[in-house]
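S.K.: Just to be clear, the model below is a prediction. Sequence and coordinates:
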Amino acid sequence: MKRKICITGASKGIGLSEAELLSKENELFLHASEISSFNDCKIKNAHFFGQDFTEINNVEKFVNQLKEKTKGLDVLVNNVGVMVIDSISDFSDNDINKLVTLNLHSQLLLTKKIIPMLLESDDPHIVFMSSMSAKNRIVGESIYAATKAGIMQFAHVLRNELAGKIKVSTIYSWGVNTWNDNANAKILKPENIAETLDFIISREKPFLIESIELGHFDHWNGANAPWSPE
């Protein structure tokens, strides 16, 4: 079944892997902070958009551009985000603002504005990329974890609010190799997340995967991650 799928933060990492997998049978609407990020992208069946969501007014601009291409959507994948790791005393105000705006505020606003487009679909779905940071106490991830916990709770409430109208799912993952670590690193790969997303949105209603947790068979699981500050 061909669907219209919007993926934010789709020019690299998890978002790019999701786009590569889903482009085979769907029409994609792919977002990045700069449209030039897609210059070398070979994904077919895709429309490309560039808006920096750290400037919150750009969310409205993106939605307007999206509406010029399509009246409705079947799936919204809230993937855009950034990770900054540091002790809270060393966090800059700018980095705090960036994480909160991009990882949380922009996703809340975008979701609100996209809901009318999703209601045009016979089987609409919203998927959030949270993190196991939202449920744990990983040193160095205080601000990041706060934004991901916000997404977790937003998705919980939204699922109830939209019950019977739009399916809402959340993916929680431990570390994902988006920084080109060695091939044998004991963490997840972006394609693992993409495969999970494909599985989630392929379930026919009324079956709903509310949330799913992903980890590596040999991964660490404690207060200190391999990248936590000392």
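M.R.: Happy to help now that I have it. Numbering: from 1, shown residues only.
S.K.: CA only for contacts and neighbour counts going forward, please
M.R.: Noted.
S.K.: those helices in this protein, which residues are they?
M.R.: Remark: helices assigned in the chain by DSSP state H are 13-22, 58-69, 93-100, 106-118, 142-161, 190-201.
S.K.: Deepest-packed of the ones you listed, please.
M.R.: helix 13-22 (a mean of 21; mean count of other CA atoms under 10 Å).
S.K.: Show me what it is packed against.
M.R.: Packing partners of helix 13-22 (3 or more CA pairs under 8 Å, 6 or more residues apart in numbering; DSSP states H and E): strand 27-32, helix 190-201.
S.K.: okay, those in a markdown table with mean pLDDT and distance to residue 15 next?
M.R.: Output for the helices and strands packed on helix 13-22, formatted as a markdown table (pLDDT from 0 to 100; distance: least, CA to CA, whole Å):
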| stretch | mean pLDDT | distance to residue 15 |
| --- | --- | --- |
| strand 27-32 | 97 | 9 |
| helix 190-201 | 94 | 8 |
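S.K.: show me what contacts the residue most central in space within the chain?
M.R.: For the chain, the residue nearest the mean C-alpha position is residue 79 (1.6 Å; CA atoms, centre = their mean). Under the criterion of CA atoms under 8 Å, 6 or more residues apart in numbering, the contact list for residue 79 reads 7, 8, 9, 10, 14, 15, 128, 129.
S.K.: Now, those residues that are in strands?
M.R.: 7, 128, 129 (DSSP state E).
S.K.: ok, the last one to residue 15 distance?
M.R.: Here the distance between residue 129 and residue 15 works out to 10 Å (CA to CA, to the nearest Å).
S.K.: What is the end-to-end distance of stretch 218-228?
M.R.: Stretch 218-228 end-to-end distance (CA to CA) = 18 Å.
S.K.: Mean confidence (pLDDT) on it, please.
M.R.: For stretch 218-228, the mean pLDDT works out to 67.
S.K.: i'd like the first residue to be 64 from this point on
M.R.: Okay, residue one is now 64; in that scheme the one you just asked about reads as stretch 281-291.
S.K.: quick one: low-confidence parts of this structure?
M.R.: Low-confidence segments of the chain (pLDDT under 70): 64, 242-248, 282-290.
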